[in-house]
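**Student:** here's a sequence, model it:
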Amino acid sequence: LAEARENLLEQSYYTGVAEAAAGVLHNIRNILNPIMINLWRLLEATRNAPDKNLDAAFAELSSTDIAPERREKLITYVQMAVDKLRSERGILVSGLETVTEQCQQIEQILYDRDLDSRAERRLEELELTRVVRDAAKLLPASGPVPITLEVDPSVEAMPLIHGHRIVITQIFGNLLVNAAESIQEFGGPAGKVEVTAHLESIEGKAMVHVEVRDNGHGIDADKLTMIFQRGFSTRKGKAGGLGLHWCANSLMGSGGRISASSDGFGKGATIHLSLPVANMTSEQAA
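**Tutor:** As a prediction, this is how the structure comes out:
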């Protein structure tokens, strides 16, 4: 029996390590997808730059045998090309800044994993609006169905929450990516993800209740609790079932809660998060 217990403990340990590693890889994959899309768009923008035609225009303008009308047209073209280059430079700078921030998120995930392995994970007071804004960078930049993210003013009105910044950001990132995938698979004319929030009291503790609502394919009633189980996925023919499971475990470890609601297939879904409030009593939350 002692040997069996030791074997079970060892197996449980390695299972936990494997699950933690799988969660890290899943979150990194969520970030890599928009990084690749952004890099592709930046590459296409540089390929279409009008620098080659500019060289020809400057060469022709340097000639002394050019007609006045032709010179005027070339000058106009050069001015327009320079304006376009300036505009594209702004797009390139903005895109590279976004990619840099996304790469920093990957670095933070790996850094957090290192801290977690040494039991040094630090909880912070977090601004909910900033968390949602950072998580929104994981949304795909393009797709067959245009998606609009609407953050209700109630989110900004919420008090500071208590949690680990990287973990909470990745939780919201998972939820937004899942919502976007559900919308794309459903294939409606236009997609929308709404984030709202309100205060609540659970077992004498002040909590922020956040709702992430989408108009995607929805969830059948008999699957509402199953979606948080490891390995379960509503996506047909695709691997999955890790993101929401990781979210649930991470929230439980920080005193939060997660649940789902839906009116059925084709009617969208809502993920409910309950996050601890920093320095607030249940009476204030009520």
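
**Student:** quick one: average pLDDT of the helix or strand containing Val93?
**Tutor:** Val93 belongs to helix 68-117 when assigned by DSSP states H and E. In this model, helix 68-117 has an average pLDDT of 80.

**Student:** ok now it, how far from the chain's centre?
**Tutor:** In terms of CA atoms, centre = their mean, to the nearest Å, the centre of helix 68-117 is found 20 Å from the chain centre.

**Student:** in its sheet, what does the next helix or strand after it sit against?
**Tutor:** Per DSSP H and E, the first helix or strand lying C-terminal to helix 68-117 is strand 124-126. Taking DSSP bridges as the criterion, strand 124-126 pairs within the sheet with strand 161-163 (antiparallel).

**Student:** which stretches of this protein aren't confidently modelled?
**Tutor:** 2, 4-22, 48-52, 111-122, 140-142, 234-242, 280-286 (pLDDT under 70).

**Student:** what is the helix holding Val93 packed up against?
**Tutor:** Counting contacts by 3 or more CB pairs under 8 Å, 6 or more residues apart in numbering; DSSP states H and E, helix 68-117 packs against helix 2-47, helix 51-61, helix 165-186. For the C-beta atoms, the positions are set from N, CA and C on the backbone; glycine is no exception.

**Student:** go again with 6 Å.
**Tutor:** Counting contacts by 3 or more CB pairs under 6 Å, 6 or more residues apart in numbering; DSSP states H and E, helix 68-117 is packed against helix 2-47, helix 51-61.

**Student:** now the last one: how far from the chain's centre is it?
**Tutor:** Relative to its parent chain, helix 51-61 has a centroid offset of 43 Å by CA atoms, centre = their mean.

**Student:** which helix or strand contains Thr270?
**Tutor:** Going by DSSP H and E, Thr270 is part of strand 269-281.

**Student:** now do the buried residues in that strand.
**Tutor:** 269-271, 273-278, 280 (16 or more other CB atoms under 10 Å).

**Student:** other residues contacting that strand?
**Tutor:** The set of residues external to strand 269-281 that reach it, using CB atoms under 6 Å, 6 or more residues apart in numbering, is 125, 159-162, 175, 206-213, 218-219, 255-262.

**Student:** in ChimeraX, how would I select the buried members of the residues you listed?
**Tutor:** Buried subset of the contacts of strand 269-281, written as a ChimeraX selection, criterion 16+ other CB under 10 Å:
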select :159,161,162,175,206,207,208,209,210,211,212,213,218,219,256,258,260,262
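
**Student:** among the contacts of strand 269-281, name the ones in strands.
**Tutor:** Residues of the contacts of strand 269-281 located in strands (DSSP state E): 125, 161-162, 206-213, 257-261.

**Student:** and the residue nearest to the spatial centre of the chain, how far is that from Asp263?
**Tutor:** Nearest to the geometric centre of the chain sits Leu138, at 2.8 Å (CA atoms, centre = their mean). As judged by CB to CB, to the nearest Å, Leu138 and Asp263 stand 26 Å apart.

**Student:** likewise for Val177?
**Tutor:** 22 Å.

**Student:** equivalent analysis for Ile183, please.
**Tutor:** 16 Å.

**Student:** who has more neighbours, the two?
**Tutor:** Ile183 (25 against 12; other CB atoms under 10 Å).
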